[in-house]
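K.L.:
sequence below, structure please.
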Amino acid sequence: VLLTTAACVTGVRAATAPLHLLNDRDDTPLCEQCQEYAAQVLEKTKEIKNEDQLVDALGMICDDLPAILSEPCKQQIDKNKDAIWDAVKKIDDLTPKELCAQLTLC
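P.N.:
This next block holds a predicted model:
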């Protein structure tokens, strides 16, 4: 669910994710889905100038999810928007896999 939405962003760093995080859950459906949406998020962050724009952009990605996931995705965004914004400012050099590892989804 959209990075379970940056769900647990507690200090995403611009540096590479710790190796143990990259290997924990690589083959799970959640990791695969996270990477798919992380790629979209990383692309959209190039256009985002403030937290409100970020919430709107992530909300549109949540809208593309199956109905059962869309609302939980939006709730995670609302719950974690400050941490997500802080993370967005630091993720320029991360790959989708590294971002998802930082979010503990891979």
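K.L.:
dump the residue contacts of Ile48.
P.N.:
Residues in contact with Ile48, defined by C-beta atoms under 8 Å, 6 or more residues apart in numbering, are Leu54, Ala57, Val88. All C-beta spots, glycine's among them, are computed from the backbone N, C-alpha and C.
K.L.:
please read the previous query as pertaining to Gln53.
P.N.:
When the contact criterion is C-beta under 8 Å, 6+ apart, the partners of Gln53 are Glu47.
K.L.:
could you report the neighbour count for the residue nearest to Glu71 when sequence neighbours are not counted?
P.N.:
With C-beta to C-beta, 6 or more residues apart in numbering as the measure, Cys62 is the residue that lies nearest to Glu71, at 8.0 Å, once sequence neighbours are left out. When counting by other C-beta atoms under 10 Å, one arrives at 21 neighbours for Cys62.
K.L.:
return the set of buried residues in the longest helix seen in the chain.
P.N.:
The helix spanning the most residues in the chain, taking DSSP state H as the definition, is helix 67-88. Residues of helix 67-88 classed as buried by neighbour count (16 or more other C-beta atoms under 10 Å): 70, 73-74, 76-77, 80-81, 83-88.
K.L.:
can you map out the strands along this structure?
P.N.:
Using DSSP state E, the strands of the chain do not appear at all; there are none.
K.L.:
low-confidence ranges, the protein, go.
P.N.:
Low-confidence segments of the chain, defined by pLDDT under 70: 1-26, 92.
K.L.:
if you set the cut-off to 90 instead, what comes out?
P.N.:
The model of the chain has pLDDT under 90 over residues 1-30, 37-38, 40-51, 54, 57-58, 61, 67, 84-94, 99-106.
K.L.:
so which residues of it form helices?
P.N.:
With DSSP H, the ranges of helices along the chain come out as 19-24, 29-44, 51-63, 67-88, 96-102.
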